[in-house]
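Trainee: Quick one, what's the 3D model for this:
(one chain, ligands or ions: 1)
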Amino acid sequence: MTVTTTQQPAAPPATGTTTAPTTPGGPARRPPPPPPPPPPLGVAYGRRPGRAAVQVLTGVDLEARAGEVLGIIGESGSGKTTLARAVVGLAPAVAGRITLDGRDVTALRGRALRELRRSGVVQYMFQDPLRSLDPDLTVSQLIGEPLAVAGVARPAREPRVLAALEQVGLDATLADRTPGRLSGGQRQRVSLARAVVTRPRLLLADEPVSALDASNRNHVLRLLDRLRHELDLAVVVISHDLGSLAGIADRIAVLYGGRLVEQGPAEQVLERPLHPYTALLAGSAPGLPRERRSAAALLRGSGPVDDPLLHTGAACVFAHRCPFADDDCRSRPEPRQQGDGRTVACHRAPAWRERLAH
Ligand SMILES: Nc1ncnc2c1ncn2[C@@H]1O[C@H](COP(=O)(O)OP(=O)(O)OP(=O)(O)O)[C@@H](O)[C@H]1O
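Mentor: Predicted coordinates for the structure are as follows:
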């Protein structure tokens with residue numbers, strides 16, 4: 001997995017003159033090629049001598065970019081939280097690498113890992129603010145805490161705490177309240193202020209709106225959308241609800257059984273899913289066009305949810321639930337098809353979509 005928090009140079013225009021710098025009297029110098037992506041990520045819990053590990057993520061290959069929202073969607077147990085935990089070193093990568101601006105963070109141990117966490121360059125926003133915020137601290141103490149951990153001196157903290165409160169649209173008069181005296185939406189905004197006060201480059205938001213009502217949900221999503229532009233922040237939003245991602249994600253990655261089954265620009269993934277599991281998710285979101293409803297109806301209930309072969313890699317991870325599966329799907333791992341800005345892991349894509357018309 002790659003996290004690129006510095007803006008990439010703009011692509012040269014499709015026609016017209018080159019934007020590459022020139023050497024006087026010499027030929028145009030080409031910009032250096034981007035580094036190759038790191039090998040795909042694998043995460044397993046409990047790997048110890050003499051004990052079988054629980055493989056949770058396999059072959060996950062993703063990129064989070066500055067100023068963009070990457071949505072990660074998948075059902076419960078698909079490995080979404082594990083992916084975010086791996087980025088902050090809380091879940092063990094057993095294959096592949098996670099790079100943060102070219103730096104391999106999977107290799108960090110001990111002091112180097114602690115320093116990365118304390119720096120606040122990567123922030124993790126939890127699902128349930130009531131459980132993640134210390135009930136005895138005031139709002140200003142809560143927001144100031146990550147700054148103290150990052151070593152910011154006390155006098156410099158206060159203005160930054162006030163600025164963070166303003167950034168998330170919270171009134172400064174709330175600064176002396178404890179979390180128990182705030183509404184759910186206000187608490188989530190305190191979590192967001194805590195996350196952005198260190199000026200992170202990457203924000204991992206784990207189900208940031210699932211505990212909120214519709215109005216607060218929209219408010220927090222709009223805030224995330226604004227902050228990623230204002231702070232040029234790479235944001236990863238984890239959700240089990242495609243509807244929450246539809247408005248703000250630039251790109252969507254779909255996890256199933258610990259594998260990345262599809263990823264690409266949000267609009268394409270939502271409007272014309274190329275993996276049957278994505279179609280099932282898209283078809284379950286409210287307000288559906290007919291085609292999506294029929295895909296969901298076909299896919300729903302078409303096999304057991306759990307399968308003992310799920311993690312063996314001997315078959316497509318979704319084959320046991322997929323009405324379009326053929327022998328290839330049951331006997332060979334899913335291939336990786338790329339193009340059109342997307343990746344899809346399906347033997348039958350896009351041909352399976354023809355069945356939807358009938
Ligand atoms: N510390 C752990 N040790 C062993 N297995 C774990 C551990 N944490 C998570 N798992 C397992 O890893 C799998 C993925 O869990 P994870 O929490 O990443 O899924 P998720 O997609 O975020 O689910 P949810 O939407 O319910 O939060 C699950 O089968 C879970 O039981």
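Trainee: surely S119 meets T198?
Mentor: Yes. Using C-beta atoms under 8 Å, S119 makes contact with T198 at a distance of 7.4 Å. Every C-beta, even on glycine, is put in place using the N, C-alpha and C of the backbone.
Trainee: intersection of neighbour lists for those two?
Mentor: A150 (C-beta atoms under 8 Å, 6 or more residues apart in numbering).
Trainee: Which residues does R48 form beta bridges with?
Mentor: Counting by DSSP bridges, R48 forms beta bridges with R51.
Trainee: That one: neighbouring residues, count only.
Mentor: By other C-beta atoms under 10 Å, the residues close to R48 number 7.
Trainee: any idea how far it is from C346?
Mentor: In this view, R48 and C346 are 35 Å apart by C-beta to C-beta, to the nearest Å.
Trainee: before we move on, the earlier item: between S119 and T198, which one's more packed in?
Mentor: T198 (20 against 15).
Trainee: so what's that one up against?
Mentor: So T198 contacts 119-121, 123, 146-147, 150 (C-beta under 8 Å, 6+ apart).
Trainee: For R114, see how far away A193 is.
Mentor: With C-beta to C-beta as the criterion, A193 and R114 are 23 Å apart.
Trainee: Same question for G120.
Mentor: Using C-beta to C-beta, one gets 12 Å for the distance from G120 to R114.
Trainee: Which one's more surrounded, these two?
Mentor: Shown here are G120 and R114; by other C-beta under 10 Å, G120 has more neighbours (21 against 12).
Trainee: wait, is A44 part of a strand?
Mentor: Yes. Secondary structure assignment (DSSP: H, G, I helix; E, B strand; the rest coil) places A44 inside a strand.
Trainee: Tell me the confidence at it?
Mentor: pLDDT, A44: 92.
Trainee: Relative to L57, how far out is it?
Mentor: 8 Å.
Trainee: Check what contacts the longest helix along the chain and list those residues.
Mentor: For the chain, the helix reaching the highest residue count under DSSP state H is reported as helix 214-230. Here helix 214-230 makes contact (C-beta under 8 Å, 6+ apart) with 67-69, 167-169, 183-185, 188-189, 192, 196, 203, 205, 208-209, 212, 233-235, 237, 244, 247-248.
Trainee: what about burial for those, which qualify?
Mentor: Listed as buried from the contacts of helix 214-230 are 68-69, 167-168, 185, 188-189, 192, 196, 203, 205, 208-209, 212, 233-235, 237, 244, 248; burial here means 16 or more other C-beta atoms under 10 Å.
Trainee: Okay, and which of these map to helices?
Mentor: Reading helices off the buried ones among the contacts of helix 214-230 with DSSP H, I get 167, 185, 188-189, 192, 196, 244.
Trainee: residues in the stretch 51-200 of the chain within reach of the ligand, list them.
Mentor: 54, 56, 74, 76-82 (C-beta under 6 Å from any ligand atom).
Trainee: please redo it, this time with the cut-off set to 5 Å
Mentor: Contact residues (C-beta under 5 Å from any ligand atom) of the stretch 51-200 of the chain with the ligand: 54, 56, 76-82.
Trainee: So out of everything in the stretch 151-300 of the chain, what residue is nearest the ligand?
Mentor: Per C-beta to the nearest ligand atom, H240 is where the stretch 151-300 of the chain lies closest to the ligand, at 5.1 Å.
Trainee: Correct me if wrong: that residue contacts I73.
Mentor: Yes. In this structure, H240 is within contact of I73 by C-beta under 8 Å, at 6.8 Å.
Trainee: any shared contact partners between the two?
Mentor: Shared contacts of H240 and I73, defined by C-beta under 8 Å, 6+ apart, comprise K80.
Trainee: Among these two, which residue is more densely surrounded?
Mentor: Ranked by neighbour count (other C-beta under 10 Å), H240 and I73 place I73 first, with 26 against 16.
Trainee: Return the backbone torsion pair for the more buried one.
Mentor: phi -120, psi 150 (degrees, to the nearest 10).
Trainee: Same list (the residues of the stretch 51-200 of the chain next to the ligand) but as CSV, adding neighbour count and secondary structure.
Mentor: CSV is the format used below for these (neighbours: other C-beta atoms under 10 Å; DSSP: H, G, I helix; E, B strand; the rest coil):
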residue, neighbour count, secondary structure
V54, 13, strand
V56, 24, strand
S76, 7, coil
G77, 14, coil
S78, 24, coil
G79, 24, coil
K80, 23, helix
T81, 21, helix
T82, 21, helix
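Trainee: For L274, state which of the residues you listed is nearest.
Mentor: Of all these, L274 sits closest to S78, with 18.0 Å by C-beta to C-beta.
Trainee: can you pull the contacts of the residue nearest the centre of the chain?
Mentor: Centroid-nearest residue in the chain: V236, 3.4 Å away (criterion: C-alpha atoms, centre = their mean). V236 sits next to 64, 69-72, 84, 87, 202-205 when contact means C-beta under 8 Å, 6+ apart.
Trainee: In TSV: those residues, plus pLDDT.
Mentor: Output for these, formatted as TSV (pLDDT from 0 to 100):
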residue	pLDDT
A64	92
V69	96
L70	96
G71	96
I72	96
A84	92
V87	90
L202	95
L203	96
L204	96
A205	95
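Trainee: can I get the residues you listed in CSV with distance to Q141?
Mentor: Converted to CSV, the contacts of V236 look like this (distance: C-beta to C-beta, whole Å):
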residue, distance to Q141
A64, 30
V69, 29
L70, 31
G71, 32
I72, 31
A84, 25
V87, 27
L202, 24
L203, 21
L204, 23
A205, 22
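Trainee: Alright, calling it a day.
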